[in-house]
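[1] one predicted model, sequence on top.
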Amino acid sequence: MKSIFRTCIVVLAVAFACSTWTFAADAAADYKAKCASCHGADGKGDTGPGKAMKVKDLASDEVQKLSDADLTGAIEKGKKPMPGYEGKLSKEQIDALVKYIRGMKK
């Protein structure tokens, strides 16, 4: 009985680890596809379009202090000149992007 329980725990741990890797890869791919052209690979906004539009550094205290709801709203509805991604990204993808942005914290 104990060995079955231990086996189940190990299987669940491996499954969780794999799902976390998939989440991170998906969020990184979505960020690269939808955000990096302006915000840059590191989120600093030091790309040509980012500088022209004066986008915020996603790792800055100013952005990081925003609530998850505020970040979600900005991604969904857009924030001039950034387009909104509601209907183009799923709720799960947007939530993953918020977590990805949180990982940029200085």
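    All right, it came through fine. Residues are numbered from 1 along each chain as shown.

[2] drop to CA atoms for contacts and neighbour counts, all remaining ones
    Will do.

[3] let me know the pLDDT of residue 15.
    If you check residue 15, the pLDDT there is 47.

[4] okay, helices next: where are they in the chain?
    Under the criterion DSSP state H, the chain carries helices at the ranges 2-34, 36-39, 48-53, 61-64, 68-77, 91-102.

[5] find the nearest non-adjacent residue to residue 101, please.
    residue 58 (6.5 Å; Cα to Cα, 6 or more residues apart in numbering).

[6] now do the contacts for the one you found.
    Shown in contact with residue 58 (Cα atoms under 8 Å, 6 or more residues apart in numbering): 39, 43-45, 64, 101, 104-105.

[7] go again using 7 Å as the cut-off
    When contacts are counted by Cα atoms under 7 Å, 6 or more residues apart in numbering, residue 58 is found next to 43-44, 64, 101, 104.

[8] over to residue 27?
    So residue 27 contacts 93, 96-97, 100 (Cα under 7 Å, 6+ apart).

[9] let's have those in a markdown table, adding distance to residue 69.
    As requested, the contacts of residue 27 are exported to a markdown table (distance: Cα to Cα, whole Å):
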| residue | distance to residue 69 |
| --- | --- |
| 93 | 14 |
| 96 | 13 |
| 97 | 12 |
| 100 | 14 |
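
[10] buried ones from the residues you listed, can you make that a ChimeraX selection?
    In ChimeraX, a selection of the buried entries from these looks like this (16 or more other Cα atoms under 10 Å):
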select :93,96,97,100
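
[11] having no further points to raise, I will conclude here.
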